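**Student:** I need the structure of the sequence given here:
(chains A and B)
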There are 2 protein chains.
Amino acid sequence: MVSKAQIQFIRSLDRKKERDESGCFIVEGDKIVRELLRLPVESSFRIRNLFGLEIWLREQEHEIINKPDQVQMVSEAELERMSLMKTPNQALAIASKPEPSTRNFNFNSDLLIGLDHVQDPGNVGTLVRLADWFGLAGVVSSMDSADFFSPKVVQSSMGSIFRVHLLQTSLNSFLSDLPQGFPVYASSLAGTSIYKANLTRNGIILMGNESKGLTPSFQNLSVNDLLIPDFSVGAGKPESLNVSVAAAIICSEFRRR
Amino acid sequence: MVSKAQIQFIRSLDRKKERDESGCFIVEGDKIVRELLRLPVESSFRIRNLFGLEIWLREQEHEIINKPDQVQMVSEAELERMSLMKTPNQALAIASKPEPSTRNFNFNSDLLIGLDHVQDPGNVGTLVRLADWFGLAGVVSSMDSADFFSPKVVQSSMGSIFRVHLLQTSLNSFLSDLPQGFPVYASSLAGTSIYKANLTRNGIILMGNESKGLTPSFQNLSVNDLLIPDFSVGAGKPESLNVSVAAAIICSEFRRR
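**Tutor:** This next block holds a predicted model:
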């Protein structure tokens, strides 16, 4: 039996305040909970509680055998009551958030993405997934960006959230504290074509807010503006590309070189 | 005054069946309705009705002066009643859909995107916007993809829907009827690296369903599989990239060459 207090606690993790206070977040659904279970021991994510349907838990026997205190069998009705999803999917875990730290980064070699006020959780999740795909070392986001550990970001990252170093902090301070000469790039509507620009191995690629773009004060840093050329033909101009699409093109070009 | 029947008709255009029967679709919001108003005369889109707040209509005086029969001033309350958006935004138009035709394409030079069962309207809209940005000639989609003229696709295309030739048809027949030797590409998890593949000027790039990928029968065509290499490091593998992100990387690479 899952207690009412447990269900209340789980549902409260939909809010950032509660996640920050408890240091926990929710991981939901068969695929992503299985990823969480299979993380290597050196991962900084820890499972505090794992709720699963009987049939699902049987399939994970091998992974859960050494976690007797955390695992709890639930009925479909119980899973539904604790779930934040429209269609609950077999398993739900409460995981502890890793301590954020800049020590995870090696500024001599690391390529990072910096998110400045990226508000849409779906975009933040997609950007984390993208950083994972292209082997970037981490994603640093401003305090006014969507929280990495909100349920929607976790879902849309498709598990990439476990494999990329994440740091939500004052982006301003982070950028000021960067080692001298660490390259800062920004996606921009004016600048050097991404296909011709000089791209270094290390650096941080800044992506701005979905409608307002980059905070003007960041543009005063010695930023290398990267332009994705517009090849459109005919009347009118297309709107700028969306933030995940622009980041994808830029990351791809960094890795192609 | 807007009649009850008008409001009912407008709201019915949320459904594909009603759009197909009437040949109309809804264009909502200041920015995109302004784009519609400013389309060149050779555009195949026509405005049937335009509803706007007084202040908004005044700003568009120059564009609406020759459309006295179509334009109707509405109150905020009326706009709210007809709108399909959560926050109605100054103007709403009913536009007629252009006749779909393959004659819009020049197979000697055109680069196209083909959508096979891409279901999410946000993805379809983003893909149209992407095609516009990279100057592709058109987007061809299977009958089971999201309708180009659904309100969500129109919104997320940000007006690009007016500037790219769109054709929803049997993708199977379309591909069978292509001129001999017209190059067919597909985003794939196995194939030649996009960075090394031979990319032609013309062709169609097939993008598959969000979770199932490309229909197996299409893979039997003589398709050039394009792989976006996975640079991820550490334990586990990232999920495949989402369809818009993958298409963005592929289109960018075609245009870079």
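
**Student:** the strands in chain A, which residues?
**Tutor:** Residue ranges of the strands in chain A, as given by DSSP state E, are A:24-28, A:46-52, A:71-73, A:91-96, A:111-115, A:138-142, A:165-169, A:184-188, A:192-193, A:203-207, A:223-227.

**Student:** what's the closest of those to B:Lys4?
**Tutor:** Comparing those against B:Lys4 with Cβ to Cβ, the closest turns out to be strand A:24-28 (43.6 Å). From N, CA and C alone the C-beta is placed, and that goes for glycine too.

**Student:** Report the inter-axis angle for that closest one versus strand A:46-52.
**Tutor:** When axes from the mean of the first three to the mean of the last three Cα atoms, to 10 degrees is applied, the directions of strand A:24-28 and strand A:46-52 differ by 40 degrees.

**Student:** Adjacent strands (with direction) for strand A:24-28?
**Tutor:** According to DSSP bridges, strand A:24-28 forms sheet pairs with strand A:91-96 (antiparallel).

**Student:** Going by neighbour count, list what's buried in the partner strand.
**Tutor:** By neighbour count, and taking 16 or more other Cβ atoms under 10 Å in any protein chain shown as the criterion, the buried residues in strand A:91-96 are A:Ala91, A:Leu92, A:Ala93, A:Ile94, A:Ala95.

**Student:** do the same with stretch A:181-191
**Tutor:** Along stretch A:181-191, these residues count as buried under the neighbour rule (16+ other Cβ under 10 Å): A:Phe182, A:Pro183, A:Val184, A:Tyr185, A:Ala186, A:Ser187, A:Ser188, A:Gly191.

**Student:** need the contact list for the third one.
**Tutor:** I take that to be A:Val184. A:Leu175, A:Leu178, A:Gly203, A:Ile204, A:Leu206, A:Leu221, A:Ser222, A:Val223, A:Asn224 (Cβ atoms under 8 Å, 6 or more residues apart in numbering or on different chains).

**Student:** could you pull out the helices for the stretch 101-250 of chain A?
**Tutor:** According to DSSP state H, counting those that start in this stretch, the stretch 101-250 of chain A carries its helices in the segments A:121-133, A:151-157, A:171-176, A:216-219, A:243-256.

**Student:** Among these, which comes closest to B:Ala247?
**Tutor:** It's helix A:243-256; of the helices of the stretch 101-250 of chain A, that one is closest to B:Ala247 (Cβ to Cβ) at 8.4 Å.

**Student:** Could I get the average pLDDT for that closest one?
**Tutor:** What helix A:243-256 shows for mean pLDDT is 94.

**Student:** likewise stretch A:190-202?
**Tutor:** 91.

**Student:** Output that stretch as CSV, restricted to C-alpha atoms.
**Tutor:** Listed next in CSV are the C-alpha coordinates belonging to stretch A:190-202 (Å, rounded to 0.1, in the frame of the first residue of the first chain):
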residue,chain,number,x,y,z
ALA,A,190,24.0,38.6,-37.8
GLY,A,191,27.5,37.3,-37.7
THR,A,192,29.9,34.9,-39.4
SER,A,193,28.3,32.0,-41.3
ILE,A,194,28.5,28.9,-39.2
TYR,A,195,29.9,27.1,-42.3
LYS,A,196,32.8,29.5,-42.5
ALA,A,197,33.4,30.5,-38.9
ASN,A,198,36.5,29.3,-37.0
LEU,A,199,35.2,26.8,-34.5
THR,A,200,37.3,25.6,-31.6
ARG,A,201,37.3,22.3,-29.8
ASN,A,202,36.2,23.8,-26.5
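
**Student:** Who are the contact partners of A:Val154?
**Tutor:** When contacts are counted by Cβ under 8 Å, 6+ apart, A:Val154 is found next to A:Phe25, A:Ile26, A:Val27, A:Glu28, A:Ile32, A:Gly125, A:Phe148, A:Ile161.

**Student:** Same list (those residues) but as CSV, adding pLDDT and neighbour count.
**Tutor:** Rendered in CSV, the data for the contacts of A:Val154 read as follows (pLDDT from 0 to 100; neighbours: other Cβ atoms under 10 Å in any protein chain shown):
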residue, pLDDT, neighbour count
A:Phe25, 97, 26
A:Ile26, 96, 24
A:Val27, 96, 24
A:Glu28, 95, 23
A:Ile32, 92, 22
A:Gly125, 95, 24
A:Phe148, 97, 24
A:Ile161, 93, 27
